[in-house]
Each structure stands twice: as structure tokens, then as C-alpha cells.
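In: Sequence first, predicted coordinates after that:
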Amino acid sequence: MRLGIYGGTFSPPHSGHVNAARSFAESMKLDKLLIIPTFIPPHKEFSEEASCEERLEMCKLAFRDIPVAEVSDIEIKRGGKSYTYETLEELSKSGDDLYFLIGTDMLLSFDRWKNPERILDLCTLCYVRRESDRELDGEIAAKISEYREKFGREPQKIDHTVTEISSSEIRRLLTNDADCASVLPSDVLGYIKKRGLYK
């Protein structure tokens, strides 16, 4: 089976996440796509403005229209910092072919992750552009060339329509009571309002 993995804080999951997941599933012809909210992300500062359970529920609402998508609490159950190589090692026991999706920011820092070589042994690394800034093209190309030389592997680009929004921007908009209907799935926005999140 072709199993995709898409992890993140997802606080909150927005239209950019959903579009990337859909493109990933279609491009790689995935049989199943696991959406995995992190417990504690190791690569960035994280403020617990929504609980693990709330982020999990928002993911279920956000990705439910993608037929092959399934939300997993594997990293939340494990606790501690959510290291990708540990998640992949656990999922690899199934014998499935694993495909792991990251964004541009994570692609550029991938060599500083914990056990990047092990990650590349366990999966096919894929990436999506999170921005349309052409100035990053050279930096991305240089990193991919570096990974090819260092690890003998080349991340696969997933083509999709970029939605230039981030969860941190959306949290800021929500705090200021700005309209987020264009960047949040309607069910997610309804859930946020009902729970009074990000105030």
C-alpha cells in the first residue's frame, strides 16, 4: 500500500494544509493519507493555544472531504517531542511504502532534523511550496542538490496551487476578530468560534 504521512502542529488546520494534502494524495496516488498532529513540535516554538484534542478534532473536520485521508493520534499518544523518524519507524512495521510530506521551510532545514538519514531510509520525502516567492528558487535548488550529494536522495516536488497563509497569521487574525472564512474550512471556523479558541 502507498501510505502518505502529513504531520504538523495544525493550530489551526487551514485551506493551505487541505490543498497540499489533496495534491499530495493525487500526485503520489496514495491509498491512504495519515494526517498526524504533533504533540510537541521539535522544530519550532509552540504555544498551546488549542489542546491536543482540539487540534485533533479540527483536523478531522478539515480533511474529511479527502477520501483517502485519516487523522491519526499516534504522536499525541506517544507524548514528548514528536520526532519524525520515530513515527516513521512505527509506521514502517506495516510494510507499506511510506511517503512523507513537508513544506518549504522544513525542506530547507531538513538536514538539521533528528536522524535525517534514517528518515530517508524509511520513506520517500516529498515537499510542497508554501509560498510563490521566486527568490527562494535558488535556495531550494541548492538544498536539494546538497541532499542529493549528502544523502544520495532527492526530495520529490508536489505541484499544487499555493495558498499563502500560515497558522500563525490566522491565529493573529482570529485574536483581532478578523474574517478568516476565505482561509479556514467552514467547519473548522465554526468549531473555533464555538470553543472560543485563539482569543
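Out: Sure, I can see it. As the structure is a prediction and not an experimental result, all values here were calculated from the model.

In: how close does residue 171 get to residue 7?
Out: According to Cβ to Cβ, to the nearest Å, residue 171 and residue 7 sit 19 Å apart. For every residue, glycine as well, the C-beta is placed using N, CA and C.

In: And the two? Which one has more around it.
Out: residue 7 (22 against 19; other Cβ atoms under 10 Å).

In: which SS state does that one fall under?
Out: strand (DSSP: H, G, I helix; E, B strand; the rest coil).

In: What of the one 4 residues further on?
Out: Three-state secondary structure (criterion: three-state DSSP) places residue 11 in coil.

In: Output the below-cut-off pLDDT ranges for the chain.
Out: 43-48, 132 (pLDDT under 70).

In: what ranges do the helices span in it?
Out: 15-27, 52-63, 74-78, 84-92, 104-109, 116-122, 137-151, 167-175, 186-195 (DSSP state H).

In: what's next to the fifth one, contact-wise?
Out: Residues from elsewhere that reach helix 104-109 (Cβ atoms under 8 Å, 6 or more residues apart in numbering): 43, 127, 128, 129, 130, 131, 136, 139, 140, 143, 144, 155.

In: Mark which of these are buried, thanks.
Out: Neighbour-count burial (16 or more other Cβ atoms under 10 Å) applied to those gives 43, 127, 128, 129, 130, 136, 140, 143, 144, 155.

In: Among those residues, name the ones in strands.
Out: With strands defined by DSSP state E, the entries of the buried ones among the contacts of helix 104-109 inside them are 127, 128.

In: Can you redo the buried ones among the contacts of helix 104-109 as a markdown table, where the extra columns are distance to residue 86?
Out: Shown next, in a markdown table, are the buried ones among the contacts of helix 104-109 (distance: Cβ to Cβ, whole Å):
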| residue | distance to residue 86 |
| --- | --- |
| 43 | 14 |
| 127 | 21 |
| 128 | 23 |
| 129 | 27 |
| 130 | 25 |
| 136 | 29 |
| 140 | 27 |
| 143 | 24 |
| 144 | 25 |
| 155 | 20 |
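
In: Return the closest of the contacts of helix 104-109 with respect to residue 73.
Out: Closest approach between the contacts of helix 104-109 and residue 73, by Cβ to Cβ: residue 43, at 19.8 Å.

In: returning to that earlier point: wait, which of the buried ones among the contacts of helix 104-109 is closest to residue 167?
Out: Checking the buried ones among the contacts of helix 104-109 against residue 167 by Cβ to Cβ gives residue 130 as the nearest, at 11.1 Å.

In: ok, the closest one to residue 169 distance?
Out: For residue 130 relative to residue 169 (Cβ to Cβ), the value is 12 Å.

In: Residue 160 now?
Out: 19 Å.

In: the more surrounded of these two?
Out: residue 160 (17 against 14).

In: what residues are up against that one?
Out: 19, 20, 22, 23, 24, 27, 128, 129.

In: Thanks a lot, see you next time.
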